[in-house]
Structures are given as structure tokens and as C-alpha cells.
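> Could you work out the structure for the sequence below:
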Amino acid sequence: MSSEQAYEVVKDMAKKVSEHINELTGEPDKLYILGGAVRDELMGKTPNDYDLLTTMYYKEYAKLFDTDDIRFRGPRIIVVPVIDGEQYETGCLAKGMDVEDLLYKSDLTMGALAKDVLTGEIVDPFDGIGDINRKVINLTELMKNEMPKGKQPGPVMRCVRFISTFGWPPTKDTMETLKAFAKATKGKLNVSQNEWNKEWGKICKKGVQQDAIKLFKEIGLYDDVKARFLDGKE
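Take a look at the predicted model:
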């Protein structure tokens, strides 16, 4: 199934979901596309996949699509309906949460986006659209608070990957935050081998390894990266 066909399936799903009334709130249910897919659309790209989120109560959503494939992942409950032989993981929020609560946990502003599939309305709490238009990489406020404490090494790696692969500069405070992380960890990146392989693989696919290495040096993480992940070589 092509990305264009997958998008039409998502819209069909949204129509079905929106016909139901949420028993708890009395409001029409919504289905959102999250994060990178929204960013890619705004940049004129066809997304490779769609991260979905519904405001529908997870038990009712599972019942709608006659599935018992329900997975619990932190604050999100994942229901996996099968449509025309394709699985579509759909996040359902825990009670008391709304879509902005989830977006608050994002690492980059350009990924902290949610698009209502039916109306096209975009939830954008951190002006991620503005950062996309400005072509800058910007961390969310949560990351700017957490990283100087030496926390969130995975998002540090993702930030390096996006700066390198997009070729967009970080904002001044984002760079300061990355340097503060390195200072707090005494130059240690502290990501797992799996996390490194995932992000470094995407960097290598774009052929921008030297850009990433230059950035690691500027941040203050290069010695650790070189010793742990690059076998002592650039």
C-alpha cells in the first residue's frame, strides 16, 4: 500500500470514529495524525508512516474495529485494528489527558504537532510550524528543562540527527541546552547501542556523518562518542 493510499485509509477510519459520541464527554471523537507525519506534510513530503491518536475511549475504539489487540505503553494505550489486511496502531489517551498533554512530552517543536484528519486543524502548542518555516531545530520547553540535568540522552541524539540530516541550524538556546547536557554528564552521551544504531544509521543513510561529528565536537560529546561508538575513529 502506498503512502497516498494509506492516508485515504486513515481518513476513512477517522470518518467512522467521528460518527461516534464519546460517552464520557459527550463530544464528537477525533482522530489525529501526530508528529513527523504532520511535519512532513507541511514540508511538502509524503509521510512514510502515520502515528495516530484518537480521543475515543480505548475499549470503545477496540469494539468499533472488533479487535482485542490492546497494548499499554506508558501514558498511551495502543489499539491495533486491522483494515484490509493492514495493521494501524492507534493511540488512545489515558483518562484525564488531552492531545496537548501528549505533545508536551515531545522533544522537538517541529514534531510536537497533531493534525485533525477530518478538519485539517493542527494543534501546535510550541510554534513548531513557525520553526519549520524558519528552518531551525528547536527543543521543546520540557527538553530545555530536562537536558541541563543530564537527562534525555535519546532526544539529544535525535536532535543531532535532525540538525545533521535536515541541514538546519539549532536555535541559540537549543545549542546552549545541548552543551549544558554535555557539561552535566561530563561529556557522556549515555545512549544505548540500539539507540545509537537507530539514529546513526539514519545519519549514515543521508551521508552526513562528518556534519554530525562536527556537531558532537561543538557540543562536547565527541570523545565519548568516538570511544564508545566509532571504534576510536572518525
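
> For V156, which residues are in contact?
Applying CB atoms under 8 Å, 6 or more residues apart in numbering to V156 gives the contacts M147, L178, F181, L189, V191, L221. (Each C-beta comes from the backbone N, C-alpha and C, glycine too.)

> Strands of the chain, start to end?
Using DSSP state E, the strands of the chain run over residues 31-34, 51-54, 70-73, 76-79, 82-83, 86-87, 90-93, 114-116, 122-123.

> can you pick the most crowded of the contacts of V156?
If you count neighbours using other CB atoms under 10 Å, the busiest of these is F181, which has 28 neighbours.

> Poorly predicted segments of the chain, please.
By pLDDT under 70, the low-scoring segments of the chain are 1-3, 6-7, 10-11, 13-28, 74-75, 232-234.

> Now do the helices in it.
Under the criterion DSSP state H, helices of the chain are mapped to 3-18, 36-42, 58-64, 99-103, 128-134, 141-146, 153-166, 172-184, 193-206, 209-219, 222-229.

> out of those, which comes closest to Q87?
Closest approach to Q87 among those is made by helix 3-18 (11.3 Å; CB to CB).

> Please name whichever of the helices of the chain is nearest to T90.
Across the helices of the chain, closest to T90 is helix 58-64 (CB to CB), at 6.7 Å.

> Tell me how far the closest one lies from the chain's centre.
Helix 58-64 sits 24 Å away from the centroid of its parent chain (CA atoms, centre = their mean, to the nearest Å).

> what packs against it?
In terms of contacts (3 or more CB pairs under 8 Å, 6 or more residues apart in numbering; DSSP states H and E), helix 58-64 is packed against helix 3-18, strand 76-79, strand 90-93.

> The second one packs against which elements?
The contact analysis (3+ CB pairs under 8 Å, 6+ apart) places strand 76-79 against helix 58-64, strand 70-73, strand 90-93.

> Kindly recompute the last result at 10 Å.
Judged by 3 or more CB pairs under 10 Å, 6 or more residues apart in numbering; DSSP states H and E, strand 76-79 is in contact with strand 51-54, helix 58-64, strand 70-73, strand 90-93.

> Need the residues that contact the first one.
Meaning strand 51-54. 10, 13-14, 17-18, 20, 22, 29-38, 60-61, 64, 76, 78-79, 81, 88-93, 99, 102-103, 111, 114, 117 (CB atoms under 10 Å, 6 or more residues apart in numbering).

> neighbouring strands for it, and are they parallel or not?
Looking at strand 51-54 with DSSP bridges, its partner strands are strand 31-34 (antiparallel), strand 90-93 (parallel).
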